[in-house]
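The amino acid sequence is not available; the structure is as follows:
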């Protein structure tokens, strides 16, 4: 019988014991779930079910980063809770927030990273509505700049420019239309207003009443008070920079008043007026209105009116016709009828007036007497004066008309 090797038997017994023991092993019920795996030297604290930072920029412990870099984090909230982000740095007391966030990327400009070849630390604290949180701290080092040409190598544009072509146009008594052109680097526009009593434009995005915040390039400000001036300011907003434009655009306008016509000169229904009067004038109310003055042409038929003068795009004020045609407004003892029409393109208003001149209708030379010279003037200009001195109304001025004029002088 061959001799059995002792070590071979021992090995066999130990192997059998191992196999028997392994078949009786029962794994624990608890399962390990990692919250987040980090491969950098920054500090991070998390809770179960807390928001997860999927990505960030600049990379931790990175170097050669431009000054004022745009910090970026991408966040995933496993419970789909809303969350707030707090950004801080040890460089200054700088603290900024993003509120009521959902899954996605968020940015902040590191305005404090303003030194060449310098290490900066920054922290994001993320707190969701379920009470879970994540804090992460990272650091980077800015590039070394040659200060003789740094302005050409550093091209960061801190914020968008203000909207251009900003206009406030009065539409009527209760509406002002606002239009603008969005800057190419802006994502949205923020429009504010101050009312007439302030007499100033909103100076910041928190000074005034916000009317609109969005991507459109027009807004109708409605429900306004008539005859009131409104002052508007508008800023651009850049989501990537999370900043408003450093400059604003401004515009103002006044809503229409009720259309009005008042204060005619010569006074309505007045008598004893000079011929011709020094002027014919009228007061009007409104904005962006067109005004027309008509008069009764006495050299034609008494019921015929002609346009005397017109104005366009007027506002509340007084309008005057200073040049009156001599052969139309020289008659004494005569009633002159005239009217005023105004419109703002939507509504019309018309008023009619009259005044009487002093003296005799036949005192053509205005010397307070009717004499042969006046008759000669009538005869010489009878074609013009037909409808004034055609006493027998036969369509012509003849000797019989002159006799009537003389008899009634």
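Right, received. Where do you want to start? Quick caveat, the model's predicted, so the values are computed rather than measured. Numbers count the residues shown, from 1 in each chain.

Name all residues that make contact with the most centrally placed residue in the chain.
Centroid-nearest residue in the chain, with CA atoms, centre = their mean: residue 178, separated by 4.5 Å. Remark: with contacts taken as CB atoms under 8 Å, 6 or more residues apart in numbering, residue 178 is in contact with 166-169, 191, 218-221, 232, 251. All C-beta spots, glycine's among them, are computed from the backbone N, C-alpha and C.

again with residue 345
Residue 345 sits next to 288, 290 when contact means CB under 8 Å, 6+ apart.

how near is it to residue 223?
21 Å (CB to CB, to the nearest Å).

dump the residue contacts of the nearest residue to residue 249 once chain neighbours are set aside.
Leaving out its chain neighbours, the residue that sits closest to residue 249 by CB to CB, 6 or more residues apart in numbering is residue 166, at 3.9 Å. Taking CB under 8 Å, 6+ apart as the definition of contact, the neighbours of residue 166 are 178-180, 232, 234, 249-251.

Can you list the buried residues in stretch 262-277?
Neighbour-count burial for stretch 262-277, counted by 16 or more other CB atoms under 10 Å, picks out 264-266, 273, 275-277.

Counting neighbours, which bits of stretch 358-370 end up buried?
So stretch 358-370, judged by 16+ other CB under 10 Å, has buried residues 359-364, 366, 370.

again, but for stretch 160-178
Within stretch 160-178, judged by 16+ other CB under 10 Å, the buried ones are 160-163, 166, 168, 170-173, 176-178.

ok, back up a step: could you export the buried residues of stretch 262-277 as a markdown table, including secondary structure?
Supplementary listing: the buried residues of stretch 262-277 in a markdown table, determined by DSSP: H, G, I helix; E, B strand; the rest coil:
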| residue | secondary structure |
| --- | --- |
| 264 | strand |
| 265 | strand |
| 266 | coil |
| 273 | strand |
| 275 | coil |
| 276 | coil |
| 277 | coil |
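
how about these in a markdown table, adding distance to residue 310 and pLDDT?
Listed next are the buried residues of stretch 262-277 as a markdown table, based on distance: CB to CB, whole Å; pLDDT from 0 to 100:
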| residue | distance to residue 310 | pLDDT |
| --- | --- | --- |
| 264 | 17 | 95 |
| 265 | 18 | 96 |
| 266 | 20 | 95 |
| 273 | 24 | 92 |
| 275 | 24 | 84 |
| 276 | 20 | 85 |
| 277 | 19 | 89 |
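
Dump the residues you listed to CSV, plus distance to residue 59.
What follows is those, written out as CSV (distance: CB to CB, whole Å):
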residue, distance to residue 59
264, 81
265, 82
266, 87
273, 92
275, 94
276, 90
277, 88
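
so which strand or helix has the residue nearest to residue 249?
With elements taken from DSSP states H and E, the one containing residue 166 is strand 164-170.

Give the pairing partners of the very next helix or strand once past that strand; include direction for each.
Moving toward the C-terminus from strand 164-170, the next helix or strand (DSSP H and E) is strand 176-181. According to DSSP bridges, strand 176-181 has the following sheet partners: strand 164-170 (antiparallel), strand 218-221 (antiparallel).

So for residue 204, which of those strands sits nearest?
Closest to residue 204 of the strands paired with strand 176-181, according to CB to CB: strand 164-170, at 16.7 Å.

Going by neighbour count, which of the contacts of residue 166 are buried?
When these are checked for burial by 16+ other CB under 10 Å, the buried set is 178-180, 232, 234, 249, 251.

Tell me the one among these nearest to residue 209.
Nearest to residue 209 among the buried ones among the contacts of residue 166, counting by CB to CB, is residue 232 at 10.2 Å.

Contacts only, for the closest one.
Counting by CB under 8 Å, 6+ apart, residue 232 makes contact with 166, 168, 178, 191-194, 201-202, 211, 221, 250-252.

again, 10 Å this time
Applying CB atoms under 10 Å, 6 or more residues apart in numbering to residue 232 gives the contacts 166-168, 176, 178, 180, 191-194, 201-202, 208, 211, 219, 221, 248-253.

same thing with residue 260?
Contact analysis of residue 260 by CB under 10 Å, 6+ apart lists 283-286, 289, 316, 342, 349, 351.

Give the buried subset of those as a PyMOL selection command.
The buried residues among the contacts of residue 260 can be selected in PyMOL (16+ other CB under 10 Å) with this line:
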select buried, resi 284+285+286+289+342+349+351
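
Among the contacts of residue 260, give me the pair with the biggest separation.
Among those, the pair separated by the greatest distance (CB to CB) is 316 and 351, at 15.6 Å.

For the nearest residue to residue 344 once chain neighbours are set aside, give me the pLDDT.
The shortest distance from residue 344 to any non-neighbouring residue, by CB to CB, 6+ apart, is to residue 289 (4.9 Å). With respect to pLDDT, residue 289 has a value of 90.

Now that residue 289 has come up, it's in contact with residue 312, right?
Yes. Assessed by CB atoms under 10 Å, residue 289 is found in contact with residue 312 at 8.5 Å.

okay, now the domains of the protein?
Using automatic domain parsing, the domain ranges for the chain come out as 43-153, 164-254, 260-357, 372-407.

By mean pLDDT, show me the worst of those.
Lowest mean pLDDT within those: domain 372-407, a mean of 68.

so how far does it reach from one end to the other?
End-to-end distance of domain 372-407 (CA to CA, to the nearest Å): 12 Å.

Could you count how many residues lie near residue 257?
Other residues near residue 257 come to 18 when the count uses other CB atoms under 10 Å.

so how far is residue 123 from it?
Using CB to CB, one obtains 58 Å as the distance from residue 257 to residue 123.

what does residue 51 give?
Counting by CB to CB, the gap from residue 51 to residue 123 is 14 Å.
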